[in-house]
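Trainee: Dropping the sequence and predicted coords here.
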Amino acid sequence: MKLINKSQQIIMFYNSKKYLIFILFFLNISTNITAQQSTKDIKWIDGDDFGKSAQIPYWFKESFLEIELDIEEALEEEKLLMLYFHQEGCPYCKATIEKNFSDPTTKEFIQENFDVVEINIRGSRSITLPDGDFVDERAFSKLMKVQY
């Protein structure tokens, strides 16, 4: 894998919003399901699944949501930073977690090439942008033009 410097990755971060969304959309297409350990529950409001939860995969990065720091850490491991945008109650988000991130081939590829940080598009956690500005998850999602 070609090593990318910090400024190139920050530029890629801002210029690749559509690419990130494409990656996540592409991951939604797969249909393999396997069991998965996790560290965080997400509640779903979805027909028979009302009140049940899916779980963020255990191998997602535990982040302080400092984007520049996350980029630097990914670069140190010769990886890219992937932001996984989701919201509670979204059936597509649930399918991505339960099907795509559990597929052994997809999971292995992502783990080898990306540090994955989850962002709740309706969330309130504070995110530090590379320019030092602070926004919450909701505002950041709007900034990245992520919509449901």
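Mentor: Done, it's in.
Trainee: How about residue 117, nearest residue that isn't a chain neighbour?
Mentor: Closest residue to residue 117 apart from its sequence neighbours, by Cβ to Cβ, 6 or more residues apart in numbering: residue 63 at 4.5 Å. The C-beta positions use only the backbone N, C-alpha and C, and glycine is treated the same way.
Trainee: Let me fix that, I meant to ask about residue 61.
Mentor: Residue 61 sits nearest to residue 115 (Cβ to Cβ, 6+ apart), 4.7 Å away.
Trainee: follow-up on the earlier one: A strand includes the residue nearest to residue 117, no?
Mentor: No: assignment of residue 63 by DSSP: H, G, I helix; E, B strand; the rest coil gives coil, placing it outside any strand.
Trainee: what separates it from residue 82, distance-wise?
Mentor: 12 Å (Cβ to Cβ, to the nearest Å).
Trainee: so what's in contact with the two at the same time?
Mentor: Shared contacts of residue 63 and residue 82 (Cβ atoms under 8 Å, 6 or more residues apart in numbering): residue 117.
Trainee: who's residue 135 bridged to?
Mentor: residue 127 (DSSP bridges).
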